[in-house]
Structures are given as structure tokens and as C-alpha cells.
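**Student:** Model the structure of this input:
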Amino acid sequence: MHNFKELKVWIKSKELVINIYKNTANFPKEELLGLTSQIRRSAVSIPSNIAEGCGRNSDKDLIRFLDISNGSAFELETQLTIANELNYLNENNFNYLNDKVTEIQKMIYGLKTKLSNNS
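**Tutor:** Next comes the predicted model:
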């Protein structure tokens, strides 16, 4: 069992969630149940799955949840791209959020590699 609160990838992905909520607050109201909800759920899924995997009994289980978390990160990347193309995000905010998602994807991959090598 790992302490997820000490993992840099969990800390960064949790911070990303806060930024996502702030950046989607001004999306059109008709998107509240659409793209806004999807973006927020994908973002929340990243640290949530990292935490859940850390609560499991093995590194193999954690790796599986890191895969799910990474899938959510790729979903989020896609949804942010769509939001940007719809002009719901300005270019600076899109680039900032997209860079954070890419950083988290790399961190998840690195953690998975480290865990796989220890098995």
C-alpha cells in the first residue's frame, strides 16, 4: 500500500482538478451537463484512480489503476482540445492546462515503469 498524498503525480493531478473547475466555471450554461461535466469528471478521475490504486494490496493493482488514470488524462486532453476549438478556453489557458495534462501523463508513465521494474 502506498501513501497517495505523498505522490507528486497525485498532488499535481489534484491541483489540475482545481484549475479545471476554475477554467470551466465560465463555460456556456448549456454545456453544464455536456462538455463542462465531461471535462470535470475526467479531471477528477485522474487523482481519484491514483488514490484508489494506492489503497489496493499490490503494485500490480496500482499499475492497473494508473492505466485507468492515464486513460482519463487522455480523455481530458481531447475534451480540452474540443473546448479550445469551440473558443470556451482562451489560448493561454488551453496551453497551460494541456501542458499540465501532458506532464501528468508522463509522470504516470514514469511511475508505472518504476513499479513494473520492481515487480
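
**Student:** Any buried residues in the host helix or strand of residue 49, and which?
**Tutor:** If you go by DSSP states H and E, residue 49 is part of helix 35-54. Buried residues in helix 35-54, defined by neighbour count with 16 or more other Cβ atoms under 10 Å: 35-36, 38-40, 42-54. Quick note: C-beta positions are derived from backbone N, CA and C, even for glycine.

**Student:** Just name whatever secondary elements it is in contact with.
**Tutor:** helix 8-24, helix 59-85 (3 or more Cβ pairs under 8 Å, 6 or more residues apart in numbering; DSSP states H and E).

**Student:** Tabulate these in JSON lines, adding columns for distance to residue 107, mean neighbour count and mean pLDDT.
**Tutor:** Formatted as JSON lines, these follow (distance: least, Cβ to Cβ, whole Å; neighbours: other Cβ atoms under 10 Å; pLDDT from 0 to 100):
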{"stretch": "helix 8-24", "distance to residue 107": "4", "mean neighbour count": "18", "mean pLDDT": "98"}
{"stretch": "helix 59-85", "distance to residue 107": "10", "mean neighbour count": "18", "mean pLDDT": "97"}
